[in-house]
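1. Got a sequence here, can you model it:
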Amino acid sequence: MILLYFSLSLLLLAALSLIAPLALQNKTITKDFCVFSVGFTMLVTGLYFYTSDQKGLHWWYAQGREHYQLLSQLEELGGINGMIEKVEKKVQAQPQDPQGWLILGKLYLAKPNANEALAAFRKAKELAPNDIEINRYYTAAKSSQ
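-> Numbering: from 1, shown residues only. Prediction:
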């Protein structure tokens with residue numbers, strides 16, 4: 001990560017060094033302005049590294065990567081509709097699986113389709129009446145009706 005910021009700083013300095021001679025010939029930008037710009041950029045970069053939250057930045061980067069991978073996997077499965085079709089086939093093949101019905105209900109909520117979600121959660125509750133997660137989703141879906 002530090003290498004990235006260092007590279008960006010070098011690119012900024014290179015851009016300033018390429019622009020400065022052209023600007024100085026036209027007298028639109030003074031030499032003092034260029035010195036100030038480079039100094040200010042170095043000061044801001046130094047302050048950022050001194051005060052930044054490197055652990056938080058790494059955590060954010062890792063979460064962003066996981067989110068992107070999850071979205072990619074979702075697209076490979078055909079999006080929400082494709083996942084619903086696959087889970088419906090699994091539930092039809094194994095209708096006594098309460099977790100399959102729970103997943104199907106969650107997918108219907110993501111679509112959103114509250115009536116089908118409630119029906120899936122009701123079926124999961126019938127199969128596993130003491131499951132806390134199933135009861136929580138069933139109660140939430142029922143109260144939103």
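2. how many neighbours does L107 have?
-> For L107, the neighbour count with other CB atoms under 10 Å is 21. (C-beta placed from N, C-alpha, C; glycine too.)
3. Nearest spatial neighbour of it, chain-adjacent residues omitted?
-> Spatial nearest neighbour of L107, chain neighbours left out: I84 (5.0 Å); criterion: CB to CB, 6 or more residues apart in numbering.
4. Give me the secondary structure label for the one you found.
-> Following DSSP: H, G, I helix; E, B strand; the rest coil, the label given to I84 is helix.
5. What's the local residue count around it?
-> Using other CB under 10 Å, I84 has 20 other residues around it.
6. swap in N113?
-> N113: 16 neighbours (other CB under 10 Å).
7. That one and G64, how far apart?
-> N113 is 29 Å from G64, where distance means CB to CB, to the nearest Å.
8. cool, and N135?
-> Distance from N135 to G64, counting by CB to CB: 34 Å.
9. same deal with S37?
-> Distance of S37 to G64, computed by CB to CB: 31 Å.
10. Comparing these two, which residue is more hemmed in?
-> Counted by other CB under 10 Å, S37 and G64 do not tie: S37 has more neighbours, with 16 against 10.
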